[in-house]
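**Q** 3D, please:
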Amino acid sequence: MIMQSIQTRVAGLAFAAFSALLLAGCGGGGDSSASSSSDGSMTLRVTDAPVDDLCKVWVTFSEVHLVPGDDGGLIKFDEFNTVSLPASIELTALDQGKSVALLDGEPLPAGNYNQIRLVIDDSANTYVIQNDGEGGCQTDETPLFCPSCSQSGLKLNLDGFNLTADGLVDFTIDFDLEKSIILPPGQGYLLKPVHTVTDTLVSNTQFGGIVTDSQTTPGDPLDPQTCKVYIYQGDVVPDDNCSNDDQNACDAHTGIESYKSAALYEDGVDVDGKNVYTYLSDYVTEHQYTLTLACGDDDPLTDDDLTFIGTRLVNALAGLNTVDFEITDPDVSADPAE
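**A** Predicted structure coming up:
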């Protein structure tokens, strides 16, 4: 599943045309005319949190809709007025802060906007490729369906925004694939997107660091490959079963609304011969966060009994905030945060 580059396919459009039109500043705002003096501009990016069970997740975004706050008509971006849509994106490649722009500096009339919606193409271009159980990937493409996403569109979790003349808005949509893709009994894969939306212009903060496996027997009983760094906003008690769609799934005492997760990547051995791993989160805003290393299989539909290690409270500053973790023998070591 670990990819070294961002994979995108912009359907029906040559890259040369894409680049030329971007440089010319064309497109957007419901037609292909040049921007006016009352326009601002909008950039909308997509990124992803990791998923365990799937090799690849291809999602085709065909349209972006904006709902003005003045009861004006719907503003639509699609293949007729922007070169970046439709876009088929392999979401699992968008880890460690990588992103792809669905809109890139598109002209947009200044004003208040109540909502952004993404139309997802439920065609053969939206599918998953499963793990083969032996460390590789299957060859078959399994359809991925997103109920209502191809009609009314996915409504982003954003409380509106204001765009000034000559201003810029820049948002990043962070999909949590671990919680977004479900496989109900007797049904195919369903995409019920769980996501957060951040203002990219002010989200300039990341977490990263080293995770050292100091167990007497490396990888046993805790396998670092099952561990992720969970990042919650605020001072909370870590829990694994919270989503944007089902707030009742959260334990009442935690107050958790959502969390981000960052996967571990093997990074060799240290000077003491211990296996070490690295992680790097997506961008967040400057704030207070609870970080923990969560180990174990995390089923998005159930409240799992995960092992939380090294839970701590961090006042994050702009730039990279380094937070390291250590996996020790569970029966002889207490949580370092205690």
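
**Q** I'd say Glu178 and Asp52 touch.
**A** Yes - using Cβ atoms under 8 Å, Glu178 is in contact with Asp52, at 6.7 Å. Bear in mind the C-beta positions are built from the backbone N, C-alpha and C, glycine included.

**Q** tell me, what's touching these two both at once?
**A** Asp298 (Cβ atoms under 8 Å, 6 or more residues apart in numbering).

**Q** Map the structural domains onto the sequence of this protein.
**A** Per the record, the chain has its domains at 8-199, 205-327, by automatic domain parsing.

**Q** Can you add mean neighbour count and mean pLDDT and give those back as TSV?
**A** TSV is the format used below for the domains of the chain (neighbours: other Cβ atoms under 10 Å; pLDDT from 0 to 100):
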stretch	mean neighbour count	mean pLDDT
domain 8-199	17	79
domain 205-327	17	81
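
**Q** What is the strand ranked longest in the chain packed up against?
**A** Looking across the chain with DSSP state E, the single longest strand is strand 54-68. For strand 54-68, the helices and strands in contact under the criterion 3 or more Cβ pairs under 8 Å, 6 or more residues apart in numbering; DSSP states H and E are strand 75-77, strand 87-90, strand 100-109, strand 111-120, strand 127-130, strand 142-145.

**Q** at 6 Å instead, please
**A** strand 75-77, strand 87-90, strand 111-120, strand 127-130 (3 or more Cβ pairs under 6 Å, 6 or more residues apart in numbering; DSSP states H and E).

**Q** I'd like these laid out as a markdown table, including distance to Leu158.
**A** Formatted as a markdown table, the helices and strands packed on strand 54-68 follow (distance: least, Cβ to Cβ, whole Å):
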| stretch | distance to Leu158 |
| --- | --- |
| strand 75-77 | 15 |
| strand 87-90 | 20 |
| strand 111-120 | 6 |
| strand 127-130 | 26 |
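
**Q** right, so of the ones you listed, which gets closest to Tyr232?
**A** Checking the helices and strands packed on strand 54-68 against Tyr232 by Cβ to Cβ gives strand 111-120 as the closest, at 24.7 Å.

**Q** Which strands border that closest one, and is each parallel or antiparallel?
**A** strand 54-68 (antiparallel), strand 154-155 (antiparallel), strand 161-163 (antiparallel) (DSSP bridges).

**Q** Now do the second one: distance to the chain's middle.
**A** Using Cα atoms, centre = their mean, to the nearest Å, the mean C-alpha position of strand 154-155 is found 15 Å from that of the whole chain.
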